[in-house]
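> My questions are about this predicted structure, shown below with the sequence.
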Amino acid sequence: MDRTVSCLVSLALVLLTTAALAAPPPAVTPALLAQGKALYEKQCAVCHGTEGKGNGPAADFLFPKPRDFTSGVFKLRSTPLGEPPTDADLFRTLTRGLPGSAMPGFAFLSETERWALVAYVKQLASIKVPPEEVVAIPPETPATLASIERGRKIYFEAGCDQCHGPEGRGDGPQAKELEDDWGTPIFPANLPLARFKGGGTPQDLYRTLATGVDGTPMPAVEGLPPEQIWDLVHYVRYLTGGKIVKQPDGTAMLEAKRLQGPLPAQPLDPRWETVPATTIPLMDLWQFPDKPLEAVTVRAAHDGASLVLLLTWKDYSAAPDALRHQDFADGAAVQWSLTPEPPHFTMGEPGHPVNIWFWRYDFQRDLAEHQDLEHVYPGMAVDWYPYQRAKAGVVGPTGRAGSHVYHRLGGRQPDVPGLSPQCGAGPQRYALWLPHGAAAVPAGCLRNGHLGRRRVAGGLSPQPAHRGQKRHAAHPWHHGASGVCHL
Ligand code: HEC
Ligand code: HEC
């Protein structure tokens, strides 16, 4: 079943891309640019920002970050490394999206609309002249076992394993040290997952290997004749089992089946077996390379009056609670448009409200037994601060609760009995939690949990939060400010 679905999907993708590129692009007129601008503001600005600087309101919550078009750096090109993409490259990117990131596909927009967006993105990126050189993709060589074996050898000789690991799972010795051009950590692709930003057909992979992924440590292969690049492509395809994961692009259709009798009330009800399943690949808002979330399978059934949904996904670990600021509990949400024309998928827009059904693992577990702070953090004492003298009989926070408190106080492991509550024992480091965008509060030293203002020699130097830093979606706080208090 799975295999049939993925074959159909890849077939559809190939047809879509060839058909899409066959029609000549419309001429770039002021009217087309105006159409592109309006579409951009509706569909793209929430992530990429109105001026294309990659700083839309959603950008803080995403990793990898939306592209800053004004930087002029594009990952996916048929042009040499460092060159801007062609119009066809941008059209392909836009149609297909970038699997493994929050960038969806926009195949639901008409071709003219997508070309209008290409023209507008080029304007934001100041791409004025067409690229001089396009890397040619020579005819594919046969994907024989011998070619795959040669590809495997080249994979190690060329050092691909240093980043991608011996089995291509993105866990090579250099994997954890990589950064992109924007100073954000970046992980080598987990090749067997088949989430290729530049597309997963043999021709797509050839293009990606021959031109590299600009702005990232992923190099373009150099000094290899085309047959050997094809050998590498065949080896990468072998690692994926020939699978290609398609990014959601707004064209998937979910069919709800009418059932006779009462609707299933349990996930294991055998009648679910009779309901057709639709698999939707998941876009990562945050990449956790060791816990890739791949897809969710959705089944829908109704009896003419009520609708039930069954969502199934493979989870590598249960995330049971969200009591700490930086945690997210496992959950799933279904969004319904309340207007016939669906709004933007990021929770609607003015005039187009949405309804959201939200399931959370911790809420459901609470129905059986309510889990409060003291259940999750045994030994937690309210109002306990590491720089206070240990009071007889007061147990400090342990385990995760302990690391939470130390983290907030700047990572210092407090030696509780030795620390003075008078803030006098030399430099002390602390970090403050500031509302997003707020100015730093006046410098001071920590006394009994308050900022004292006496005898302050050191200043508070607010540092911008790291670009890749995780922030909580529900509360726009960050802990970017830190300071040293000298007395
Ligand atoms: C939900 C957020 C989101 C929305 C909406 C979105 N993008 Fe993106 N976009 C991203 C992210 C994230 C990346 C970077 C992914 C990466 O680097 O792996 C990206 C990358 C891109 C790139 C760069 C590709 C490259 O070669 O480097 C282009 C072009 C682009 N988006 C265009 C658009 C356009 C046009 C729209 C609207 C039609 C749009 N995006 C809507 C999140 C979004
Ligand atoms: C220095 C580290 C490094 C080396 C060496 C390296 N890669 Fe990568 N590779 C990366 C990173 C990082 C990415 C992810 C880029 C991204 O997500 O934007 C990547 C992505 C990829 C992708 C996915 C592209 C896509 O469309 O999403 C493929 C395929 C790939 N690499 C194959 C190779 C092969 C084959 C080699 C050897 C010739 C190689 N890589 C060498 C770091 C490396």
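Now that the structure is in, tell me what you want to look at. Ligands and ions are numbered 1, 2, ... in the order given.
> roughly how far out does stretch 202-219 sit from the chain middle?
20 Å (CA atoms, centre = their mean, to the nearest Å).
> what sits against the residue in the stretch 151-300 of the chain that ligand 1 sits nearest to?
Using CB to the nearest ligand atom, the single residue of the stretch 151-300 of the chain nearest to ligand 1 is residue 197, 5.6 Å away. (C-beta placed from N, C-alpha, C; glycine too.) With contact taken as CB atoms under 8 Å, 6 or more residues apart in numbering, residue 197 is in contact with 75-76, 98-101, 213.
> what do you get if the cut-off is 7 Å, keeping everything else the same?
75-76, 98-100 (CB atoms under 7 Å, 6 or more residues apart in numbering).
> and if you look at residue 42?
Residues counted as contacts of residue 42 (CB under 7 Å, 6+ apart) are residue 344.
> where does it fall, helix, sheet strand or coil?
Using DSSP: H, G, I helix; E, B strand; the rest coil, the structure places residue 42 in helix.
> hmm, back to that, mind checking how far the residue of the stretch 151-300 of the chain closest to ligand 1 is from residue 310?
Here residue 197 is placed at a distance of 31 Å from residue 310 (CB to CB, to the nearest Å).
> go on, residue 184?
Residue 184 is 36 Å from residue 310, by CB to CB.
> try residue 337
Relative to residue 310, and taking CB to CB, residue 337 is found at 21 Å.
> now swap in residue 227 and tell me
For residue 227 relative to residue 310 (CB to CB), the value is 48 Å.
> between the two, who's got more neighbours?
residue 310 (17 against 11; other CB atoms under 10 Å).
> so where does the more buried one fall, helix or strand?
strand 307-313 (DSSP states H and E).
> could you dump that strand to CSV, C-alpha only?
Taking C-alpha atoms only, strand 307-313 is exported to CSV below (Å, rounded to 0.1, in the frame of the first residue of the first chain):
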residue,chain,number,x,y,z
LEU,A,307,-17.4,13.3,11.8
VAL,A,308,-14.6,11.3,13.4
LEU,A,309,-10.9,11.5,12.6
LEU,A,310,-8.1,9.0,13.3
LEU,A,311,-4.6,10.4,13.2
THR,A,312,-1.7,7.9,13.4
TRP,A,313,2.0,8.6,13.5
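> near ligand 1 at all, the following helix or strand past that strand?
Going down the chain from strand 307-313, the next helix or strand is strand 331-337, by DSSP H and E. No. Using CB under 6 Å from any ligand atom, we find that strand 331-337 stays clear of ligand 1, coming within 13.7 Å at best.
> what sits up against the helix or strand that strand 331-337 is followed by?
Next in sequence after strand 331-337, counting helices and strands by DSSP H and E, comes strand 354-360. Outside strand 354-360, the residues that touch it by CB under 7 Å, 6+ apart are 329, 331-338, 343, 347-348.
> Then stretch 234-249?
Contacts of stretch 234-249 (CB under 7 Å, 6+ apart): 6, 9-10, 13, 96-99, 104-108, 143, 147-148, 151-152, 155, 168, 191-195, 200, 202, 205, 280-281, 283.
> out of those residues, who's near ligand 1?
Contacts with ligand 1 within those, counted by CB under 6 Å from any ligand atom: 98, 106.
> The helix or strand hosting residue 114 vs ligand 1: in contact?
Element membership of residue 114, judged by DSSP H and E, is helix 111-124. Yes. For helix 111-124, a contact with ligand 1 is found by CB under 6 Å from any ligand atom, at 117, 121.
> CA-only coordinates of that helix, as CSV, when you get a sec.
Taking C-alpha atoms only, helix 111-124 is exported to CSV below (Å, rounded to 0.1, in the frame of the first residue of the first chain):
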residue,chain,number,x,y,z
GLU,A,111,1.0,28.7,-12.9
THR,A,112,0.5,32.4,-13.7
GLU,A,113,0.3,33.1,-10.0
ARG,A,114,3.5,31.2,-9.3
TRP,A,115,5.3,33.1,-12.1
ALA,A,116,4.1,36.4,-10.7
LEU,A,117,5.6,35.3,-7.3
VAL,A,118,8.9,34.4,-9.0
ALA,A,119,9.0,37.8,-10.6
TYR,A,120,8.3,39.5,-7.2
VAL,A,121,10.9,37.4,-5.3
LYS,A,122,13.5,38.3,-7.9
GLN,A,123,12.6,41.9,-7.4
LEU,A,124,13.1,41.5,-3.6
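> That helix packs against which elements?
helix 30-43, helix 87-96 (3 or more CB pairs under 7 Å, 6 or more residues apart in numbering; DSSP states H and E).
> quick one: buried residues of that helix?
Neighbour-count burial for helix 111-124, counted by 16 or more other CB atoms under 10 Å, picks out 111, 113-124.
> can you check stretch 200-219 too?
So for stretch 200-219, counting by 16+ other CB under 10 Å, buried means 200-202, 204-216, 218.
> Among those residues, name the ones in helices.
Counting by DSSP state H, the members of the buried residues of stretch 200-219 that fall within helices are 202, 204-211.
> Residue 263: which of those is nearest?
Comparing those against residue 263 with CB to CB places residue 204 closest, at 42.5 Å.
> Identify the residues contacting the closest one.
196, 198.
> cool, residue 314 as well?
Taking CB under 7 Å, 6+ apart, one finds residue 294 in contact with residue 314.
> what's the distance between it and residue 187?
Per CB to CB, residue 314 is found 19 Å from residue 187.
> And for residue 158?
Counting by CB to CB, the gap from residue 158 to residue 187 is 19 Å.
> and what of residue 162?
Residue 162 is 14 Å from residue 187, by CB to CB.
> neighbour count winner among the two?
The neighbour count for residue 162 versus residue 187, taken as other CB under 10 Å, is higher for residue 187 (19 against 13).
> and that one, that one's in a strand?
No. Residue 187 sits outside any strand when classified using three-state DSSP, being coil.
> The closest residue in space to it that isn't next to it in sequence - how many residues pack around it?
Leaving aside its chain neighbours, residue 187 sits nearest to residue 289 (4.5 Å; criterion: CB to CB, 6 or more residues apart in numbering). Using other CB under 10 Å, residue 289 has 16 other residues around it.
> wouldn't residue 252 be in contact with residue 280 here?
Yes. At 6.2 Å, residue 252 counts as touching residue 280 under the criterion of CB atoms under 7 Å.
> quick check: angle from the helix holding residue 114 to helix 30-43?
90 degrees (axes from the mean of the first three to the mean of the last three CA atoms, to 10 degrees).
> by contact count, what packs against whichever helix or strand comes after helix 111-124?
Later in the chain than helix 111-124, the nearest helix or strand by DSSP H and E is helix 145-157. Packing partners of helix 145-157 (3+ CB pairs under 7 Å, 6+ apart): helix 226-240.
> Parallel or antiparallel, list what pairs with the helix or strand that comes right after the helix it packs on.
Downstream of helix 226-240, the next assigned helix or strand under DSSP H and E is strand 256-258. Within its sheet, strand 256-258 is paired with strand 295-302 (parallel), according to DSSP bridges.
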